[in-house]
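*Asks:* Kindly return the folded structure for what I paste below:
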Amino acid sequence: MSERLTIGQLYPSKIYPAAQNAAQRSSQQETSQTSFNQIFKDELLKFSNHAAKRLEQRGIELKGEQLAQIQSAVDKAAAKGSKESLILMKDMALIVNVANRTVVTAMDGNSMKDNVFTQIDSAVVIS
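*Replies:* I've put the predicted structure just below:
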């Protein structure tokens, strides 16, 4: 403590590893939490209340494999810049808001007959 200190002068000091690691850990946790939440939002397919009611009314049950196919179709539509997409499967049709990854409505084969689909900018056919 015999060093002379001048007021207004900056003196370099050592940053101890414990303090440095704590700061790095907190920033890494925030980044990983944000990225997980973002991935969670971006990857999952959601169903609107209207679509859920239509699926129930029409007796349509989607299996895990079908959901994976629909998610893949939404990914393809998003890659092409689509906003609202018609996804056609064997005996059902889904209208999907691609940006929100939300199924807006669903219909079975009987409901599709003599129907006109409007306000869509793309169609994806799943075989």
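*Asks:* Could I get the average pLDDT for stretch 56-64?
*Replies:* The predicted model assigns stretch 56-64 a mean pLDDT of 90.
*Asks:* what's the first-to-last distance across it?
*Replies:* Start to finish, the residues bounding stretch 56-64 are 17 Å apart (Cα to Cα, to the nearest Å).
*Asks:* what about Asn110, how many neighbours?
*Replies:* A count of neighbours around Asn110, defined by other Cβ atoms under 10 Å, yields 8. The way it works is simple: take the backbone N, C-alpha and C, and place the C-beta from them, glycine included.
*Asks:* before we move on, what about Ser111?
*Replies:* The number of residues packed near Ser111 is 15, by other Cβ under 10 Å.
*Asks:* Then Gln119?
*Replies:* Gln119 is flanked by 9 other residues according to other Cβ under 10 Å.
*Asks:* So what's the predicted local confidence for it?
*Replies:* Looking at Gln119, its pLDDT stands at 93.
*Asks:* In contact with it, which residues?
*Replies:* Neighbouring residues of Gln119 by Cβ atoms under 8 Å, 6 or more residues apart in numbering: Glu84.
*Asks:* Can you tell me the SS state at it?
*Replies:* Here Gln119 is coil, with the state taken from DSSP: H, G, I helix; E, B strand; the rest coil.
*Asks:* and it, how far is that from Lys83?
*Replies:* 9 Å (Cβ to Cβ, to the nearest Å).
*Asks:* Ok, Asn49 next?
*Replies:* Taking Cβ to Cβ, one finds Asn49 at 21 Å from Lys83.
*Asks:* Please identify which of those two sits among more neighbours.
*Replies:* Lys83 (15 against 7).
*Asks:* So, low pLDDT: which residues of this structure?
*Replies:* Low-confidence segments of the chain (pLDDT under 70): 1-43.
*Asks:* all strands for it, in order.
*Replies:* Using DSSP state E, the strands of the chain run over 46-47, 84-89, 92-97, 102-108, 122-125.
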